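Please find the sequence and the predicted model below.
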Amino acid sequence: MHSIPTRPASPMREQLHSSDTATPERPMPQIRDTPSVPDLLSRIEATEALGDQISQAIDQLVDAVLNLQPPAAPAPQVDPAALAGLERRMQALEQQVNLGQACQELTRTSQFHPKERSVVFVGTTYFGCNIKYAWLAFRERARQEGITAWFLPQTGQQEQAVTALGEACFPLNHNDWSTAHVHAALSAAVVVTCDHLLNPNPYAAALLAGARHVQLWHGISIKEIGLRNLAPLRQMSARFARVLSTCGPYTRLVGTSAGQESEWRRWFGFERYAPIGYPRNDVLLREPDAADLLNVDIEIYQLARKTRAAGQRVVLYAPTFRDARRGTWLLESGLEQLAQGLAKRGDLLIVNVHPVESPLIPQLAVAIPTARFVTPRTDLYPLMRETSLLVTDYSSVMFDYLLLDRPIVLFRPDHQDYVTRSRQLFDAKLDEHPGPLATSAQALLEVLRQPDAQSCKFAATRASMRQRLFDHTDGRAGERLGQLLLDELEAALCPPSGVTPCPMSSS
C-alpha cells in the first residue's frame, strides 16, 4: 500500500467526494467492480515511466487519484461517474503511449525488413493530385514489370475507387489490416507521396519508414512552405512539429524544372532532385479518359464543355486558402459583384474553393446563385481544359495553367492582410506576372471585359515563364516517373557492390 500524504481539498477532490451533494434519505449506492486506488496508482506509475511527454497529464492524474484515498475513518463516498471519467482518461493515455512505442519499434523493423518489388502510393486529402495521375500512369508498367502497385487511401471514397478497379489497396481503417497487409507495407521498396505523410492510419508512416521515399509535392509554390513555414516556440504544438518532421528526408523530390532545385532545397530535405514534370499536368495536354475522370465533378465538367462549345466564356476562379480570416475573406472579396457582372455578359463563372475553406460553399452558393461551385475535394485538372481563362491569387494552379497558354488574371483583394497574417511569399519567379493584377471586384470586371487584348499583351510573359518553369511540355511526365520508380526499386533491391544483400522476393 502506498503511503498517501495529506493534501488540501481540490476541485477534483470535491468532484469525487460528493457526499455533500447526496441526500441523507438516499445514500449513494456502493460501487462494485471499480478499480482500486492502488491499482490506478500502479498503472499511472507504469505509464509515467513510458515517456516524459505525458508527464504533465500524469501529474494531474496523480493529484486526482491521491485525493481518492480516504482518511482512516469514516470512508467517504466516491462519485462513480467521476471515477469512470478518470478511468477513461487513463485508458486514453495508455493507448497513446502504447501507440507511440509501437510506431518506434515498427519504424526500426521497417528499416531492416527485406524489401520486395512493390511501390506504395499514398493518397492525399482528395483523389485528384499528382498521386492520382502517378498511380494511374504506373499501373500498366507495374503489371508488365511484375511489380505490385499498392494504394494507401486517405478517405473511404479513395478506397472504394481503387478497389472498384481491382487494384491493390490497403484498408482505410487500420483495424481492418491483416497480417498480409502489414507484411506488404513493411516489404514496400518505394513509397510515393505528394504531401506530408500524415495518413489517418497512425501506423502507416512507421510501416513505410524503410522504403525509398519519392516526393512529388503538389505544385510550384510562391508561398513559404515546409521548413520555411515555421512557428514561434510559444505556438509550437506537437501537431505542427510532426508536420515539420515530414518535410524529409526524401530519396527524390520531383519538380518541373532544373532551375528550381535550390528553391525546393529551402523547403524540404532530399537526396536527389528530378525535374521530370508533374503527372497531373499530362491530362491538360490530352483528352481525358475514363480513369482520368475519376473523382471529377462531372456535372460542372459537362456544363463547361457545353458552354465553350456554344461560344461562351468559362471563367475559372481558383484561389488558395487563408491561414487568417479563413473563409470570411471570400465573402468580403466582392465575389457576388463579380458573378453578377459576368452573368450579364453571358459568361459562366465556376468557383473552385480550396478544400480548407470548402465548408463555406453552402453559404456562398445561396448568396451567389449565378456562380457554380465545384464539389469540394474533386479533381480540377480535366475541368481546367474546358475553361477559357483562370482567375487566381497565390495558387500553384496558375503555373500549371501556363501549359494551356490561356489568359491568367491575378485577383488579390486582401494582399496586405494575406502577406501579414497568412503566408510570406517567395515570389521571385513572379517578377513578371502572367497576367494583369486586380485588387477589387470592379477592377477585375474591367480586366475581364477585354480578355483577348489582355491575353495578347501578356502572351510573351506567359511563354517566358513556361519555358523557365517547365523543362518538359510533352504530356509524358507519368512515363518519366515510371522509369524513375523502376530506378528506385533497383536501388532498393540491389545493394552496392561488396554489401551482402538482404533476402528479397520477386513478387
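On my side now, so go ahead.

Next, count neighbours for Ile222.
When neighbours are counted by other CB atoms under 10 Å, Ile222 registers 20. Using the backbone N, CA and C atoms, a C-beta is placed for each residue, glycine as well.

Return the per-residue confidence for it.
Looking at Ile222, its pLDDT reads 84.

Okay, it and Gln450: tell me how far apart.
Going from Ile222 to Gln450 by CB to CB, to the nearest Å gives 26 Å.

swap in Arg322?
29 Å.

Which parts of the stretch 51-200 of the chain are helices?
55-66, 80-112, 130-145, 156-164, 179-187 (DSSP state H, counting those that start in this stretch).

what is the orientation angle of the second one with helix 179-187?
This points to helix 80-112. Put simply, helix 80-112 runs at 50 degrees to helix 179-187, going by axes from the mean of the first three to the mean of the last three CA atoms, to 10 degrees.

Just list what helix 80-112 packs against, helices and strands only.
The helices and strands touching helix 80-112, judged by 3 or more CB pairs under 8 Å, 6 or more residues apart in numbering; DSSP states H and E, are helix 11-16, helix 37-50, helix 55-66, helix 179-187, helix 204-207.

what is the rounded mean pLDDT of the longest one?
Across helix 37-50, the average pLDDT comes to 58.

Please report how far Ala211 lies from Val162.
With distances taken as CB to CB, Ala211 is found 19 Å from Val162.

which one of those two has more residues nearby?
Remark: of Ala211 and Val162, Ala211 carries more neighbours, 25 against 22, as counted by other CB under 10 Å.

Pull the contacting residues for the more buried one.
By CB atoms under 8 Å, 6 or more residues apart in numbering, Ala211 lies in contact with Ser110, Lys115, Val120, Ala188, Ala189, Val190, Val191, Ala492.

can you put those in JSON lines and add pLDDT?
Below are the contacts of Ala211 laid out as JSON lines (pLDDT from 0 to 100):
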{"residue": "Ser110", "pLDDT": "98"}
{"residue": "Lys115", "pLDDT": "97"}
{"residue": "Val120", "pLDDT": "98"}
{"residue": "Ala188", "pLDDT": "98"}
{"residue": "Ala189", "pLDDT": "98"}
{"residue": "Val190", "pLDDT": "98"}
{"residue": "Val191", "pLDDT": "98"}
{"residue": "Ala492", "pLDDT": "96"}
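
So which of those are in strands?
Counted as lying in strands by DSSP state E, out of the contacts of Ala211, are Val120, Ala188, Ala189, Val190, Val191.

Any idea how many residues pack against the second one?
Residue neighbour count, defined by other CB under 10 Å, stands at 26 for Ala188.

ok, now the fourth one?
By other CB under 10 Å, the residues close to Val190 number 28.

May I have the beta-bridge partners of it?
Val119, Arg212 (DSSP bridges).

hang on, it packs against Phe121?
No - judged on CB atoms under 8 Å, Val190 makes no contact with Phe121 at a distance of 9.5 Å.

now the strands: where do they sit in the stretch 201-350 of the chain?
212-215, 250-254, 270-274, 314-317, 348-351 (DSSP state E, counting those that start in this stretch).
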